[in-house]
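Asks: Take a look and give me a structure for this.
(one chain, ligands or ions: 1)
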Amino acid sequence: MKVAIIGQGYVGLTISAFAAEFFDVVGFDNNSTVVAQLNQGVSHIEGVEGSVLKNWISAGRYKATTMGQDISDVDIAVIAVPTPLTTDRKPDLTFIEAACKTIGTYIQKPVLVINESTSYPGTLRDFIKPTIENFSQSSFEHRYAISPERVDPGRGDFNQRNTPRLYAGLTPEASVKTKEFYSKFCDNLVEVSSPEVAEAAKLFENTFRQVNIALVNEFAQISHAIGISVYETLDAANTKPYGFMKFTPSAGVGGHCIPVDPTYLAAVAEEHGAPATFIRRANEVNLEMSEYIVRRVAEDNGGNLEGKSVLVVGVAYKPNVADVRETAAELVIEHLRKKGAVVTWHDDVVGNWKGETSAPLQGADIAVVVTKHDSVDAKKILSSAHYVFDTTGKVKGAKGL
Ligand SMILES: NC(=O)c1ccc[n+]([C@@H]2O[C@H](COP(=O)([O-])OP(=O)(O)OC[C@H]3O[C@@H](n4cnc5c(N)ncnc54)[C@H](O)[C@@H]3O)[C@@H](O)[C@H]2O)c1
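Replies: Next comes the predicted model:
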């Protein structure tokens with residue numbers, strides 16, 4: 001069996017590395033630099049070791065490509081391309097459309113098409129299937145299914161094998177084939193009654209996180225106003241053995257999923273005339289956190305940040321990864337600069353970002369910790385500036401939420 005995985009990023013490469021144990025995998029990506037590196041056995045994704053890629057390459061089980069012809073004879077095509085928002089914050093399916101064009105144009109027999117990209121309910125049935133059919137020269141009877149990805153990059157305890165995976169086909173045959181495919185490298189497959197249920201479940205999972213993070217971020221502001229510790233209060237609430245799940249405050253949400261997926265859900269809700277006020281407000285609260293933090297830092301420093309050197313510690317969107325997509329650090333830096341601060345950042349995991357490089361962890365007037373990687377010593381952070389504001393709750397002795 002030969003499998004094409006369209007998109008070799010966090011999701012696509014991770015799946016490729018697991019699937020190559022059982023199938024011949026063609027990793028199709030339109031980024032020629034990434035493809036060239038992958039074929040050398042160089043991984044750009046945390047959690048996928050270059051040595052693993054090298055093994056599959058030398059065993060003839062994995063090959064990356066930018067050439068559509070290389071997927072013409074596959075049996076299964078998995079879509080794992082980005083699903084961002086447009087500039088006016090609407091679902092942007094242009095990458096999925098391009099992946100459908102590749103599948104439709106180049107695949108020369110009936111295959112199983114599985115979508116792993118996150119999108120709104122109805123995407124598989126009403127967008128992917130007709131788009132592929134539109135680009136196909138012959139009227140192949142492809143099978144279509146969805147299996148939303150749950151990978152958490154950089155995480156050690158949960159992986160493709162032990163994370164339960166939802167799936168649903170457009171037809172019963174597609175469901176059976178999808179189960180056969182994933183059961184090779186996933187131990188817990190959960191079939192749902194329609195692709196729309198699987199698509200909506202994925203969006204709701206991340207909306208649940210976004211709303212709870214917004215709630216705890218609002219609660220951090222309330223706790224500060226009352227004059228109590230938000231962390232002690234959360235720990236106290238967390239002693240309840242049922243009906244409570246602890247989330248911790250932060251500078252906001254980042255990454256490709258949590259700031260984006262709820263907006264897909266809100267968009268489809270509003271299209272159907274159902275209000276999504278809660279989801280929209282949660283997004284706003286999280287976006288507003290950066291401004292709140294900068295206000296707190298300014299208040300503690302005589303109300304004025306003009307000309308002060310401020311070191312933002314950690315610009316990745318979460319600890320121990322180099323991913324800066326939608327990172328809250330960007331808004332924190334923007335608000336600090338608006339107030340006249342001279343801002344640099346320290347993050348050796350990220351290294352280079354937006355034409356700037358990671359600055360040394362020392363010598364600033366003010367440090368604002370947005371993300372704390374395990375490799376960064378809390379004591380070093382404390383001594384990097386005269387005043388340290390920590391948004392993570394991990395730097396003891398610093399000011400914080
Ligand atoms: N990163 C995560 O943790 C995560 C988790 C669950 C679900 N998802 C979802 O999975 C999807 C992919 O996300 P990702 O994080 O892997 O994205 P990514 O940006 O890491 O990777 C996407 C890859 O697709 C390639 N690409 C773009 N257009 C293409 C095309 N037309 N043909 C071939 N390749 C193309 C890009 O060059 C890139 O290498 C998104 O819908 C995302 O929401 C991501």
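Asks: Residues of the stretch 101-250 of the chain that sit close to the ligand?
Replies: Within the stretch 101-250 of the chain, the positions near the ligand by C-beta under 6 Å from any ligand atom are 102, 116, 117, 118, 149, 151, 153. C-beta coordinates here come from the backbone N, C-alpha and C atoms, glycine included.
Asks: can you pull the contacts of the third one?
Replies: I take that to be residue 117. Counting by C-beta atoms under 8 Å, 6 or more residues apart in numbering, residue 117 touches 7, 11, 79, 80, 81, 82, 83, 95, 96, 99, 149.
Asks: Identify the residue nearest it in space, chain neighbours excluded?
Replies: residue 83 (4.9 Å; C-beta to C-beta, 6 or more residues apart in numbering).
Asks: can you check residue 291 too?
Replies: Nearest residue to residue 291, sequence neighbours excluded (C-beta to C-beta, 6+ apart): residue 335, at 5.2 Å.
Asks: Beyond the host helix or strand of residue 263, next helix or strand please.
Replies: Using DSSP states H and E, residue 263 sits within helix 261-271. Remark: after helix 261-271, the chain's next helix or strand is helix 277-300, criterion DSSP H and E.
Asks: how far off helix 261-271 does that next one point, in degrees?
Replies: Here the directions of helix 277-300 and helix 261-271 differ by 140 degrees (axes from the mean of the first three to the mean of the last three C-alpha atoms, to 10 degrees).
Asks: So which other helices or strands are in contact with helix 277-300?
Replies: Under the contact definition 3 or more C-beta pairs under 8 Å, 6 or more residues apart in numbering; DSSP states H and E, helix 277-300 sits against helix 195-226, helix 261-271, helix 328-338, strand 364-369, strand 385-390.
Asks: change it to 6 Å
Replies: When contacts are defined as 3 or more C-beta pairs under 6 Å, 6 or more residues apart in numbering; DSSP states H and E, helix 277-300 sits against helix 195-226, helix 261-271, helix 328-338.
Asks: what's the least confident stretch among these?
Replies: Looking at those, the lowest mean pLDDT belongs to helix 261-271 (a mean of 94).
Asks: What is that helix packed up against?
Replies: With contacts taken as 3+ C-beta pairs under 6 Å, 6+ apart, helix 261-271 sits against helix 195-226, helix 277-300.
Asks: Okay, buried residues for it please.
Replies: For helix 261-271, burial by neighbour count (16 or more other C-beta atoms under 10 Å) applies to 261, 262, 263, 264, 265, 266, 267, 268, 269.
Asks: got the contact list for the fifth one?
Replies: Contacts were defined as C-beta atoms under 6 Å, 6 or more residues apart in numbering; by that measure residue 265 touches 203, 207.
Asks: Can you tell me the SS state at the residue nearest to residue 117?
Replies: Here residue 83 is recorded as coil under DSSP: H, G, I helix; E, B strand; the rest coil.
Asks: what's the spacing between it and residue 110?
Replies: To residue 110, residue 83 is 26 Å away according to C-beta to C-beta, to the nearest Å.
Asks: just residue 299 next, same as before
Replies: In this view, residue 299 and residue 110 are 64 Å apart by C-beta to C-beta.
Asks: Which of these two has more residues huddled nearby?
Replies: Shown here are residue 299 and residue 110; by other C-beta atoms under 10 Å, residue 110 has more neighbours (13 against 9).
Asks: Appreciated, that's everything.
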